[in-house]
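Participant: This is a predicted model, with the sequence first.
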Amino acid sequence: MKNTIKLILVGGVFAFAALVFVTNRPLAQTQPAQNQGPTIGQQFKNIKVLNDVPAEQLGKIMNLFNASLGVDCTFCHNTKDYTSDEKKEKQTARKMIQMTFDINKASFNGRTEVTCNVCHSGHEHPVAAPTLWPTETAEVKQPDPKPTADQILANYLNAVGGKDKAAKITSRQITASRVEPDNKIEPEEIWQKGQNVRIVTTYPGAVITEGFNGTTGWKVSNGPELHINRLDQAEIARSAQVLFNADLKSVYTKADYRFEDQIDGRPVYLLTATGANGVDRLYFDVATGLLVRRQSTIRTILGPFVYQTDYSDYKDFGGVKIPTTIKVAEPGVRFTRKITKVKINAPIADNSVFDEPRK
C-alpha cells in the first residue's frame, strides 16, 4: 500500500484525492488560472474550509501539509473513510487553514504570504525558539559584466558536446533505476526522441508510464487509477522538454538572466525561462556551463508548490553528455533516477509510442 500511495503522489495527486473521489462514476512562477474546472466543495464530500478552491489544487495542498508538518494522511484522516471527522487533528487543521486565510486577508491584502511552512518548517508543532547558531551564508559577488541568457544557453550547448554532435543523436533508449528515500529501487526504461519522452517505471504492484508527445504530457497506470489534471500535465511536459535536451533555447520563447547564486557552494547562473507550459528557473554551473537545477512553481491557495530537478554526474554517450544522476523533488515526493545504460540512435519506428495509450 505504501508503494501504491507513492505512485499516486508522483503524479501530483495525493492519495486523499484518489480515495475520496465522490463523483458518480497540485521568486515563484504561476501557472495560468483559466479553465480550473470544479471546486473542491463541488467535487468532494464534507469540505468545510476549502470549498471555493479549484479541485485540481487539492492533491498539492495535501502534499504541502505533508512536507510542512512532516506528517502523512493518517495524522488527520481515517484512511478508510476520508469524510470522517473523528480525529481532532482534522478539526484543528481546519482552524489553522482558516487562521492563515484570515492573517493573509487582514495583513497582506489577500496575498498568500503566511503558510503552514512559515511556522512549522517540517515539524508537527511550530518551533517557537530562534536558531542560536544559524547557517552563515556569504554574499555572492555578482559578475561584471553580466552574462546574457543567450550566452549561458550557448555555453550549455557547447558544454554537453556542441551543436554538430547533438544533431547526430536522433534518439536514446535508456536503462535506469529509480531510488526511493528508503533505498527501495524500481527499474525504469526511458525512450527519448527530440523533446518526446516515454518513461516506464515498474513497481511491485503496478507499472506506471508517463510521456510527452511534443504537445501533451500524460501518465497512466496498469494498476490504481491515476487522476492527472492540467497542472500535472504541464509539469510532465516541461520536465520532458528539458530532459537530455542539448538545445534548451529551442524549448523557451524567452529567457532572462537574473543573478549569480550558489548551489552546494558552487557558483551558478540563474535564468528565468518562459515556454509553452509555463516558467522555469534554470541554474547553470558557472565553471562547467552545465545545467544543474530546474525549478517550476505552482501557486496554490496555501502557498507555492515547487517542483525541483537536480542534474549531476554528466557522462559522455555518443559524443554528447547527459546527467546520469537526476534528483526529483516536490512537496511529499522525492526520488533519485540513476542512469545505467544508454543506447544511442535506438530505432523508434513509430512516434505513437510517445502518445497516451487509448483506454
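Facilitator: Done, it's in.

Participant: ok but His257 is inside a helix, no?
Facilitator: Wrong residue type there; residue 257 is Tyr, not His. No - assessed with DSSP: H, G, I helix; E, B strand; the rest coil, Tyr257 is strand; it does not lie in a helix.

Participant: I'd guessed it sits against Pro145; true?
Facilitator: No - taking contacts as Cβ atoms under 8 Å, Tyr257 lies outside contact range of Pro145: 10.7 Å. No exception for glycine: its C-beta is placed from N, CA and C like everyone else's.

Participant: more crowded one of those two?
Facilitator: Legend: neighbour count by other Cβ atoms under 10 Å for Tyr257 and Pro145, higher for Tyr257 (17 against 5).

Participant: Just give the nearest non-adjacent residue to the more buried one, would you?
Facilitator: Spatial nearest neighbour of Tyr257, chain neighbours left out: Ala149 (5.0 Å); criterion: Cβ to Cβ, 6 or more residues apart in numbering.

Participant: now Glu56
Facilitator: Leaving aside its sequence neighbours, Glu56 sits nearest to Asn229 (Cβ to Cβ, 6+ apart; 4.1 Å).

Participant: Please apply the same query to Glu235.
Facilitator: Excluding the flanking residues, the one nearest Glu235 by Cβ to Cβ, 6+ apart is Tyr307, at 5.6 Å.

Participant: a helix runs through the one you found, doesn't it?
Facilitator: No - going by three-state DSSP, the assignment for Tyr307 is strand, not a helix.

Participant: Let me see the contact set for the residue nearest to Tyr257.
Facilitator: Residues in contact with Ala149, defined by Cβ atoms under 8 Å, 6 or more residues apart in numbering, are Ala255, Asp256, Tyr257, Leu271, Ala273.

Participant: distance of Lys105 from Met99?
Facilitator: Lys105 is 11 Å from Met99, where distance means Cβ to Cβ, to the nearest Å.

Participant: Then Lys48?
Facilitator: Using Cβ to Cβ, one gets 14 Å for the distance from Lys48 to Met99.

Participant: Which residues are in contact with Ile322?
Facilitator: Contacts for Ile322 (Cβ under 8 Å, 6+ apart) come out as Val160, Arg172, Phe244, Tyr314, Lys315, Ile339, Val342.

Participant: Of the residues you listed - the most surrounded one?
Facilitator: Comparing these on neighbour count, Val160 comes out first with 25 neighbours (neighbours: other Cβ under 10 Å).

Participant: Next, the residue nearest to Arg334 when sequence neighbours are not counted: secondary structure please.
Facilitator: Spatial nearest neighbour of Arg334, chain neighbours left out: Pro181 (6.0 Å); criterion: Cβ to Cβ, 6+ apart. Counting by three-state DSSP, the backbone at Pro181 sits in coil.

Participant: any idea how far Ile236 is from Pro181?
Facilitator: Pro181 is 21 Å from Ile236, by Cβ to Cβ.

Participant: out of the two, which sits in the more crowded spot?
Facilitator: For the pair Pro181 and Ile236, the greater number of neighbours falls to Ile236 (23 against 11), based on other Cβ under 10 Å.

Participant: Report how many residues lie close to Ser250.
Facilitator: As a burial measure, Ser250 scores 12 neighbours (other Cβ under 10 Å).

Participant: Thr202 too?
Facilitator: By the measure other Cβ under 10 Å, the count of residues near Thr202 is 15.

Participant: beta partners for it?
Facilitator: Note on Thr202: beta-bridge partners by DSSP bridges are Val207.

Participant: Go ahead and confirm it touches Arg178.
Facilitator: No - counting by Cβ under 8 Å, Arg178 is not a contact partner of Thr202; they are 9.2 Å apart.

Participant: who touches both of those two?
Facilitator: With Cβ under 8 Å, 6+ apart as the test, Thr202 and Arg178 both reach Glu186, Pro187, Glu188.

Participant: per the record, what domains does the chain have?
Facilitator: For the chain, automatic domain parsing gives the domain ranges 2-120, 149-354.

Participant: Comparing the ones you listed by mean pLDDT, which bottoms out?
Facilitator: Note on these: domain 2-120 shows the lowest mean pLDDT, a mean of 76.

Participant: need the domains of the chain in TSV with distance to Thr137, can you?
Facilitator: Shown next, in TSV, are those (distance: least, Cβ to Cβ, whole Å):
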stretch	distance to Thr137
domain 2-120	17
domain 149-354	8
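
Participant: So which residues of the stretch 101-250 of the chain form helices?
Facilitator: Secondary structure of the stretch 101-250 of the chain (DSSP state H, counting those that start in this stretch): helices at 116-120, 149-160, 163-167, 230-242.

Participant: if you compare those, which one is most tucked away?
Facilitator: Scoring these by mean neighbour count under mean count of other Cβ atoms under 10 Å gives helix 230-242 as the most buried, with a mean of 22.

Participant: Residues contacting that one, please?
Facilitator: Residues external to helix 230-242 that are found in contact with it (Cβ under 8 Å, 6+ apart): 11-13, 26, 31, 35, 56-57, 60, 195-197, 210-212, 216-219, 248, 251, 275-278, 280, 291, 294, 296, 298, 307, 309.

Participant: buried subset of those?
Facilitator: With neighbours counted by 16 or more other Cβ atoms under 10 Å, the contacts of helix 230-242 contain buried members at 11-13, 26, 31, 56-57, 60, 195-197, 210-212, 217-219, 248, 251, 275, 277-278, 280, 291, 294, 296, 298, 307, 309.

Participant: Inside strands: which ones of those residues?
Facilitator: Judged by DSSP state E, the subset of the buried ones among the contacts of helix 230-242 located in strands is 196-197, 210-212, 217-219, 275, 278, 280, 291, 294, 296, 298, 307, 309.
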